[in-house]
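**Student:** Provided below are the primary sequence and the corresponding predicted coordinates.
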Amino acid sequence: MKEIKFKACKCLDFEPNYTAKRQMLGNGKLFWLRPVIDKTYPAMVQFCKKRGRLNYPESCLRKEDAKCNDYEEIEHCIMLNEEEIK
């Protein structure tokens, strides 16, 4: 297990409650990789506690990519398993 810290909107949900896997972007922030069968649905997404699935992996990771007016930046501290760090 490894702890990572990054700033993003407080409404983003990184708890492992989904069938998707947490993955790391090159900037050290997380997104979700969903197992999709139909390619018309996005595989790389974010999950928002207020709005559900956001169809872009960098949604709400910074103010410039906010999808609503509720963006409030906090520092997320997430524990990752070894397979999520790769």
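**Tutor:** All right, it came through fine.

**Student:** what about residue 78, neighbour count?
**Tutor:** As a burial measure, residue 78 scores 17 neighbours (other CB atoms under 10 Å). For the C-beta atoms, the positions are set from N, CA and C on the backbone; glycine is no exception.

**Student:** correction: the previous question concerned residue 6.
**Tutor:** 17.

**Student:** got it, and residue 48?
**Tutor:** 18.

**Student:** that one contacts residue 10, doesn't it?
**Tutor:** No: judged on CB atoms under 8 Å, residue 48 makes no contact with residue 10 at a distance of 10.1 Å.

**Student:** contact partners for residue 73?
**Tutor:** Under the criterion of CB atoms under 8 Å, 6 or more residues apart in numbering, the contact list for residue 73 reads 7-10, 62-63.

**Student:** quick one: secondary structure of the residue nearest the centre of the chain?
**Tutor:** The centre of the chain sits closest to residue 31, judged by CA atoms, centre = their mean, with a distance of 3.2 Å. State at residue 31, reduced to three classes by DSSP: H, G, I helix; E, B strand; the rest coil: strand.

**Student:** many thanks, we can stop here.
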